[in-house]
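>>> dropping the sequence and predicted coords here.
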Amino acid sequence: MAIPAAPHPESWVEIRPEGLYITPGDFYVDPVRPVDHAVVTHGHADHARPGHKKVLATNATLEIMQVRYGDGSGDTKQVLDYGESQRIGEVTVTMAPAGHVLGSAQIILDYKGSRLVVSGDYKRRHDPTCAGFEVVPCDVFVTEATFGLPVFRHPPVDREVDRLFQSMRLYPERCHVIGAYALGKAQRVISHIRAGGYDAPIYIHGALKNLCDLYGRHGVALGDLRPATIRGDDKMTKDDFRGQIVLAPPGAIQDRWSRRLPDPVVCLASGWMTVRQRAKQRGVELPLVMSDHADWDELCQTFEDVDAPEIWVTHGREEAIVHHCQLHGRRARALALIGFEDEAE
């Protein structure tokens, strides 16, 4: 008697307005609208939305959602950490590290001998603030393509930190204010600065405090962090910030908040800083190319590593990735999911 072939994921995964729907489990992965049952890859706002009735994610991701959404973080929350599995309907769900931010996970879905891996957002480089990406062989690999063009080849992070230190030596009388996304990027920037030997206080915008504190509770040492306030209890004056490093959300470096600092050197830590025009448009004097997403080479290497015969692309530069995969003998398709953003990178 012949053994029936494993069902192709196309037969048990649907693209709906809410997002990626897993039919034999009756749940969504990273839905963009409130749903009854959501499995969430990580805590960034375009993947972890408020208002779901039931949320399954890693413990760190659930804590991030609690910090950000409070009562809106899910009526019922269930922890599934790396290496753990749970049966939902007819689907076995397992979590593996994605290397993107604290708690970020690839969602491994096994159904009747067929395996689909939804990577969420990921990167392949060392990041002291989160678990590194784990290669999981599969039948279909669902990838992002935020930097899915050959022009995006990110330099070593150490080189960018050295450029920051060089600028500080060149302009000791100025304050260096770094725009960094509140979840993941800010903590990574701080960690790499510390790894470069900088042990002085680093000043942070109030919008970064809660997530920096959360990282600290998860064992990520960020050193001496202080509030970047001119008229706080510490009674710091504007001149006290000369020669210092200040971190703030990207939006804050362009408004009146940053103008309180002494002649700031405006920096922005982002993979998009490869594009000089973007840096110029945002008034960035020192662009720091530091990304929490895989660049072109890392994306292509990942497809080889997971050795999936088929690649699905969720968001980003979909056409280039599809073309590359087809040239290398892999089937590929763009899912054209809506609601995912890349500007905050």
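Sure, I can see it.

>>> let me see the confidence value for residue 253.
Note for residue 253: predicted pLDDT of 86.

>>> confirm that it sits in a helix.
Yes: when DSSP: H, G, I helix; E, B strand; the rest coil is applied, residue 253 is found to be in a helix.

>>> how many other residues sit next to it?
25 (other Cβ atoms under 10 Å). Where you see a C-beta, it was placed from the backbone N, CA and C, and this is true even at glycine.

>>> distance check, it against residue 188.
Per Cβ to Cβ, to the nearest Å, residue 253 is found 17 Å from residue 188.

>>> cool, and residue 71?
Residue 71 is 29 Å from residue 188, by Cβ to Cβ.

>>> these two: who's more crowded?
residue 188 (25 against 8).

>>> how near is that one to residue 181?
10 Å.

>>> now do the shared contacts for the two.
Taking Cβ atoms under 8 Å, 6 or more residues apart in numbering as the criterion, residue 188 and residue 181 both touch residue 292.

>>> contacting residues around the spatially most central residue of the chain?
Centroid check for the chain by Cα atoms, centre = their mean gives residue 100 as the closest residue, at 4.4 Å. Neighbouring residues of residue 100 by Cβ under 8 Å, 6+ apart: 42, 120, 121, 122, 123, 130, 184, 292, 293.

>>> the same query, at a cut-off of 10 Å, please.
Taking Cβ atoms under 10 Å, 6 or more residues apart in numbering as the contact definition, residue 100 lies against 41-44, 47, 106, 119-123, 127, 130-131, 133, 144, 183-184, 292-294.

>>> ok, residue 129 next?
Residue 129 neighbours (Cβ under 10 Å, 6+ apart): 101-102, 184-192, 215, 218-222, 292.

>>> in ChimeraX, select just the buried ones from these.
Entered in ChimeraX, the line below selects the buried ones among the contacts of residue 129, by 16 or more other Cβ atoms under 10 Å:
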select :101,102,184,185,186,187,188,189,190,191,192,215,220,222,292
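
>>> which members of the contacts of residue 129 occur in helices, if any?
185, 186, 187, 188, 189, 190, 191, 192, 215 (DSSP state H).

>>> among these, which pair sits farthest apart?
192 and 215 (13.7 Å; Cβ to Cβ).

>>> now what about the least confident helix or strand in the chain by mean pLDDT, what contacts it?
Least confident helix or strand of the chain, by mean pLDDT, DSSP states H and E, is helix 276-281 with a mean of 84. If you take Cβ under 10 Å, 6+ apart as the criterion, helix 276-281 is touched by 266-268, 270, 272-273, 275, 284-289, 343.

>>> for these, give me JSON lines that also has pLDDT and neighbour count.
Output for the contacts of helix 276-281, formatted as JSON lines (pLDDT from 0 to 100; neighbours: other Cβ atoms under 10 Å):
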{"residue": "266", "pLDDT": "95", "neighbour count": "20"}
{"residue": "267", "pLDDT": "96", "neighbour count": "27"}
{"residue": "268", "pLDDT": "96", "neighbour count": "24"}
{"residue": "270", "pLDDT": "96", "neighbour count": "28"}
{"residue": "272", "pLDDT": "94", "neighbour count": "20"}
{"residue": "273", "pLDDT": "94", "neighbour count": "23"}
{"residue": "275", "pLDDT": "89", "neighbour count": "15"}
{"residue": "284", "pLDDT": "93", "neighbour count": "22"}
{"residue": "285", "pLDDT": "95", "neighbour count": "15"}
{"residue": "286", "pLDDT": "97", "neighbour count": "21"}
{"residue": "287", "pLDDT": "97", "neighbour count": "22"}
{"residue": "288", "pLDDT": "97", "neighbour count": "24"}
{"residue": "289", "pLDDT": "97", "neighbour count": "23"}
{"residue": "343", "pLDDT": "53", "neighbour count": "10"}
